[in-house]
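# Below is the sequence, then the predicted model.
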Amino acid sequence: MADTSMPHSDGAPGWIRRNRQALAPALFLLPGVLFFLFYVIFPILQSFNLSFYRWDGLGDPVYVGVDNYVELLDDRAFEVSLWNNFKWLLMYLLAIPAGLAIALFLNQNVFGIRLYKSLFFFPFVISQVVVGLVFSWFYDPTFGLLNQILGFFGLGTLNVLGDPNLVTYGIIVAGLWPQTAYCMILYLTGLNAVDPEQVEAARLDGAKGLKMLWYVIIPQLRPATFIAFVVTIIGALRSFDLISIMTNGGPFGSSRVLSFYMFEKALSEYGFRMGYGAAIAVVLFLIMLCFIAYFLWSMYQEEKGGR
Amino acid sequence: MFPRPIEKSSPAWAATYQALVPMALVLWLLPLIAVAVFSIKPDVDFTSGNYWGWPSAFKGFENYGKVFFASDMPRYLMNSVLITVPTVIGAVALSCMTGFALGVYKFRGNLLLFFMFVAGNFVPFQILMVPVRDLTLDMGLYNTKLGLVLFHVAFQTGFCTLFMRNFIRALPFELIEAARVEGVAEWRIFWFIVLPLMKPAIAALSVLIFTFIWNDYFWAVVLTQGAESQPVTAGITSFNAQYRAAYHMMSAGSIVAALPPVAMFFLMQRHFIAGLTLGAVK
């Protein structure tokens, strides 16, 4: 590997040439790492630090110890947001089986199927801002399509986004729409890679339908399932756009999640509470950290097996 | 192939399937179809309560014309382009280098650095919000496109590095070793050997990052305000406030805002999907 014994092929001075193997990666990494440290890693640490201060964003921050966290314990709105986050996490996972179902439905070779597949994927490509707008009209109590359909079946009107008990579920359904499309694409690519010989062999052994799916297909879709799981968890915990567009946290703050509540506290029109917002963000980060640790651990296991 | 190919089953079922797919599609896209229909309706349809009926007149040209010539929409679109394109170039350029370094060289801390990028990419935005906003204010870049671009480049570098590094790992390593034996300088190996092989990865990442950044709303709200620098995702909310209850206008505006990533997807479909699956599901 080392090329110190090679003749001088370019005009690099001796020291650089000797340390080339060590120097090159450092130089290639430098800009990316610096940028990333500056804008991502240090801000995380700063947020941790800031969560121990009271700060309105203008004057000098005042050190208050763990006061922000103590306040969180008694904050009803925080409790609601945290609870909603768990709803998001759990219900968002439905995107994975739903995506698999659609992928299985579309995994055929009929005329025009490629176009159908892309059109099914459509919802993922458009911005969540538009998805939120579309769904708030869909739910609208006066003219929304949902209530037209309910009315058609003789059922009463449902004001999904105005009902504190329903609103979070309503927004999650809107979020599931693009997320299901994403999982569908992951599974469609995964199904392409399923070993046809194994399927034929299992067929000869009499496996079919659900049994075939469970014992032969799903184990082979593992990589797709892993990625679907990762992106769905991240998507669930990042949910912000839809809530901001569809309800702005309402009614009565009942559709807030931590990411939205944090934003509201830190940059609200009633005065900035940066320290308190940072404390909320830290809690959200710690929840996410459990998943990040699991993802990294899985990747590490795979790395050990690789080159 | 699973499920069993349709052409091997009964013709009746095959015909049913052929009919079922478009029906399912219409159902799946119903909310979008509704918006598309809304956007060509005249405003009297909404005041007279004709929400779901046939449009009483075709007003598509008027509605879209207003979006393009009588609102701030073109400015927002321009801002989006000026934010998205530099971000794509910056993030892809940086991650080609980091991905190359992490994928090709063996050194202590390699995996650690790689995991730093991966973990950073999964972080919830909110933990970055207050410090990044502060940083941007301090640099005098608040409410500028440059402020948004710099942050986006840095943050997207995490995801791009993950992608690039895995892609480079899958390249034939012998090629690089052969070049080293020949005494080729490292930067030449990067530029003349690895980079040309990375074209598919660069294409995939570019379309993907384009879509991510175009659709970003959170950072647009946190780091900008006002028509001079806001991208279209944030602009559409002010647009909608301007046309409150004018559903035909809001629909037309939304469609215009959503169109560029859609076009990107249809033009570069293969690359897009390769990117989404992180290149892992081959």
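Perfect, I can see it now.

# So what pairs up with A:Tyr53 in the strands?
A:Tyr63 (DSSP bridges).

# Give me the neighbour count for it.
As a burial measure, A:Tyr53 scores 19 neighbours (other C-beta atoms under 10 Å in any protein chain shown). C-beta here means a position set from N, CA and C on the backbone, and glycine is covered the same way.

# Would you mind measuring from it to A:Glu71?
13 Å (C-beta to C-beta, to the nearest Å).

# so B:Ser56 makes contact with B:Pro42?
Yes. Between B:Ser56 and B:Pro42 there is a contact under C-beta atoms under 8 Å: 6.3 Å.

# Look at these two and report which has more neighbours.
B:Pro42 (18 against 12).

# contacting residues for the more buried one?
Residues near B:Pro42 by C-beta atoms under 8 Å, 6 or more residues apart in numbering or on different chains: B:55-57, B:59, B:62, B:248.

# Filter those down to the buried ones.
Among those, the ones that count as buried by 16 or more other C-beta atoms under 10 Å in any protein chain shown are B:55, B:59, B:62, B:248.

# For chain B, give me the ranges with low pLDDT.
B:1, B:278-282 (pLDDT under 70).

# any idea how far A:Leu176 is from A:Asn84?
From A:Asn84 to A:Leu176 the distance is 15 Å (C-beta to C-beta).

# and if you look at B:Val130?
For B:Val130 relative to A:Leu176 (C-beta to C-beta), the value is 30 Å.

# higher neighbour count, those two?
Each of B:Val130 and A:Leu176 has its neighbours counted (other C-beta under 10 Å); B:Val130 has more, 27 against 22.

# so A:Ala207 sits right up against A:Leu213, yeah?
No. The pair A:Ala207 / A:Leu213 is not scored as a contact, 9.3 Å apart, by C-beta under 8 Å.

# Name the single longest helix found in the chain.
Using chain A here. helix A:274-305 (DSSP state H).

# meant chain B actually
helix B:73-104.

# Now find how far off-centre that one is within its chain.
Centroid displacement of helix B:73-104 relative to its chain, using C-alpha atoms, centre = their mean, to the nearest Å, is 11 Å.

# got it, and stretch B:109-116?
The answer for stretch B:109-116 is 26 Å, by C-alpha atoms, centre = their mean.

# Extract the C-alpha set from it and format it as PDB.
Extracted as PDB, the C-alpha positions of stretch B:109-116 are listed here (Å, rounded to 0.1, in the frame of the first residue of the first chain):
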ATOM      1  CA  GLY B 109     -11.800   7.100  14.300                       C
ATOM      2  CA  ASN B 110     -13.100   6.500  10.800                       C
ATOM      3  CA  LEU B 111     -16.200   4.700  11.900                       C
ATOM      4  CA  LEU B 112     -16.600   7.200  14.800                       C
ATOM      5  CA  LEU B 113     -16.600  10.100  12.300                       C
ATOM      6  CA  PHE B 114     -19.000   8.300  10.100                       C
ATOM      7  CA  PHE B 115     -21.400   7.600  12.900                       C
ATOM      8  CA  MET B 116     -21.200  11.200  13.900                       C
END
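
# can you give me the helices for the stretch 101-250 of chain A?
A:113-125, A:128-138, A:145-152, A:167-192, A:196-204, A:209-212, A:218-220, A:222-238, A:241-246 (DSSP state H, counting those that start in this stretch).

# Then the stretch 51-200 of chain B?
B:60-69, B:73-104, B:110-122, B:126-138, B:145-169, B:173-181, B:186-188, B:195-197, B:199-214.

# Okay, now the unreliable bits of the stretch 201-307 of chain A?
For the stretch 201-307 of chain A (pLDDT under 70), the answer is A:269-270, A:306-307.

# And the helices of the stretch 51-200 of chain B: which comes nearest A:Asp75?
A:Asp75 sits nearest to helix B:126-138 of all the helices of the stretch 51-200 of chain B, at 16.2 Å, using C-beta to C-beta.

# I figured A:Ser127 was touching B:Pro261, is that so?
Yes. Counting by C-beta under 8 Å, B:Pro261 is a contact partner of A:Ser127 at 7.3 Å.

# I'm done for today, thanks for sticking with me.
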